[in-house]
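In: Give the three-dimensional model of this entry:
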Amino acid sequence: MRVVLDTNVLVRATKNATGPARELLGLLLADPHVVVISRELLVELVRVLDYPRLCEQHRLTPEERRDFVTSLDNFAEHVTLPPGAPAAVSSDPDDNFVVQTGVVGQVNVICTRDRHLLHANVQAYCARFGIRVLRDTELLDELRQSSEGDEPTDE
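Out: This next block holds a predicted model:
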């Protein structure tokens, strides 16, 4: 499965996190899954991880934040977005690059907690490209179910 993880999911998946986003990232690191990112997504992640309230909440040092972004940068597949403004899809223009990353990266899923990206109009647009927009808990449930089906039986 090819997946774009929105910044709001990635921030919840940092090393000190214990919730569904952290588990989801761990499952996506295993084959045959591919996490797709763009430069724009990485830039936003760095910016958001530096928010004082998030630094306090996640108790991450500057080095830990840098290591998290670097590890994501190293294992994810990079796509280059075309120059110019991305297509206006979301009612929040700041979210459009996430959709564009998914389209260019030919992903199966955009995983987000952003209500703008979960809106029916965005979902319909993404569906034209074969992309589903799911919450982190929805995608996690799917991955758990598929990994349970992969376990060997005693027969």
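In: Give me the next element, helix or strand, following the helix or strand harbouring Phe68.
Out: Assigned by DSSP states H and E, Phe68 belongs to helix 62-75. Downstream of helix 62-75, the next assigned helix or strand under DSSP H and E is strand 77-79.
In: and that next one, how far from the chain's centre?
Out: Counting by Cα atoms, centre = their mean, to the nearest Å, strand 77-79 is centred 12 Å from the centre of its parent chain.
In: cool, stretch 124-142 as well?
Out: 11 Å.
In: List the buried residues in that stretch.
Out: Within stretch 124-142, the residues scored as buried using 16 or more other Cβ atoms under 10 Å are Tyr125, Cys126, Ile131, Arg132, Val133, Leu134, Arg135, Asp136, Leu139, Leu140, Glu142. Every residue, glycine included, has its C-beta placed from N, CA and C.
In: In helices, which of those appear?
Out: Applying DSSP state H to those, the entries found in helices are Tyr125, Cys126, Asp136, Leu139, Leu140, Glu142.
In: Out of those residues, give me the two with the largest separation.
Out: Distance extremes for these: the farthest pair is Tyr125 and Leu140 at 23.9 Å, using Cβ to Cβ.
In: Quick check: mean pLDDT of stretch 141-155?
Out: For stretch 141-155, mean pLDDT rounds to 69.
In: Quick check: bridge partners of Val109?
Out: On the basis of DSSP bridges, Val109 is bridged to Val3, Arg132.
In: all helices for this protein, in order.
Out: 7-11, 20-28, 39-49, 52-58, 62-75, 96-104, 120-127, 136-150.
In: Extract the CA atoms of the longest one and return them as CSV.
Out: I take that to be helix 136-150. This file holds the C-alpha atoms of helix 136-150, laid out as CSV (Å, rounded to 0.1, in the frame of the first residue of the first chain):
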residue,chain,number,x,y,z
ASP,A,136,-5.3,7.2,11.2
THR,A,137,-7.5,4.9,13.2
GLU,A,138,-9.3,3.7,10.1
LEU,A,139,-6.1,2.9,8.3
LEU,A,140,-4.6,1.3,11.4
ASP,A,141,-7.7,-1.0,11.7
GLU,A,142,-7.2,-2.0,8.1
LEU,A,143,-3.5,-2.8,8.5
ARG,A,144,-4.1,-4.7,11.7
GLN,A,145,-6.8,-6.8,10.0
SER,A,146,-4.6,-7.5,7.0
SER,A,147,-1.6,-8.4,9.1
GLU,A,148,-3.7,-10.8,11.1
GLY,A,149,-4.7,-12.5,7.9
ASP,A,150,-1.0,-13.0,7.1
